[in-house]
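Undergrad: just to be clear, the model below is a prediction. Sequence and coordinates:
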Amino acid sequence: ADLFDGIVMAEQRFHGEGYQEGLAEGRHAGMAEGRRYGALHGARMGSEIGCYLGFALTWHCLLQKCTDKKNSRKIKALDSLIGMIQKFPYEDPTYDKLQEDLEKIRGKFKQVCSMLNIQSDFRIGNERSSLTF
């Protein structure tokens, strides 16, 4: 009877072993894919925010020379954008308001572009990221 039990139960045993091997392989592949995905999207986000910061700092320097009332509003908006970017939690991928804060930065960037009469269009493509005016 024990001989037949081994034969009858072989399918169930092999099914269980295959499941465990597949589960382990899936976890390993999932971790690797997750790392690649995170690195790619983190790099895109960093490129976008870096572009915003470079834009804001450049315009801030350009507008420092003119001290009329219109430019003081623009400079305040640029200061606000720069402050938002500097407070952005780059090092904490588990920050629960990451997307919300990024959307606020994008909104402030569009507001600044509007104040400067510049059309904003940030594109991330395969060849490289760019800000076109």
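TA: The structure has been received and is ready for your questions.

Undergrad: spell out the residue ranges of the helices in the chain.
TA: 2-63, 69-87, 98-115 (DSSP state H).

Undergrad: check the residue positioned nearest the centre of the chain and give its pLDDT.
TA: In the chain, the centroid-proximal residue (C-alpha atoms, centre = their mean) is M45; its distance is 3.6 Å. Note on M45: pLDDT of 90.

Undergrad: contacting residues for the spatially closest residue to it that is not a sequence neighbour?
TA: Spatially, and ignoring its direct neighbours in sequence, M45 is nearest to L102 (6.8 Å; C-beta to C-beta, 6 or more residues apart in numbering). For glycine as for every other residue, the C-beta is placed from the backbone atoms N, C-alpha and C. Shown in contact with L102 (C-beta atoms under 8 Å, 6 or more residues apart in numbering): M45, I49, F88.

Undergrad: what's the burial count for the last one?
TA: Applying other C-beta atoms under 10 Å, we find 20 other residues in the vicinity of F88.

Undergrad: list phi and psi for it.
TA: Main-chain torsions, F88, degrees, to the nearest 10: phi -60, psi 130.

Undergrad: in this structure it contacts Y52, no?
TA: No - in this structure F88 lies outside contact range of Y52 using C-beta atoms under 8 Å: 9.8 Å.

Undergrad: what touches both of those two?
TA: I105.

Undergrad: which regions of this structure sit below the pLDDT cut-off?
TA: Low-confidence segments of the chain, defined by pLDDT under 70: 1-2, 122-133.

Undergrad: how far away is the residue lying closest to K74 once chain neighbours are set aside from L81?
TA: Nearest residue to K74, sequence neighbours excluded (C-beta to C-beta, 6+ apart): M115, at 5.2 Å. Distance from M115 to L81, counting by C-beta to C-beta, to the nearest Å: 11 Å.

Undergrad: more neighbours, these two?
TA: L81 (24 against 16).
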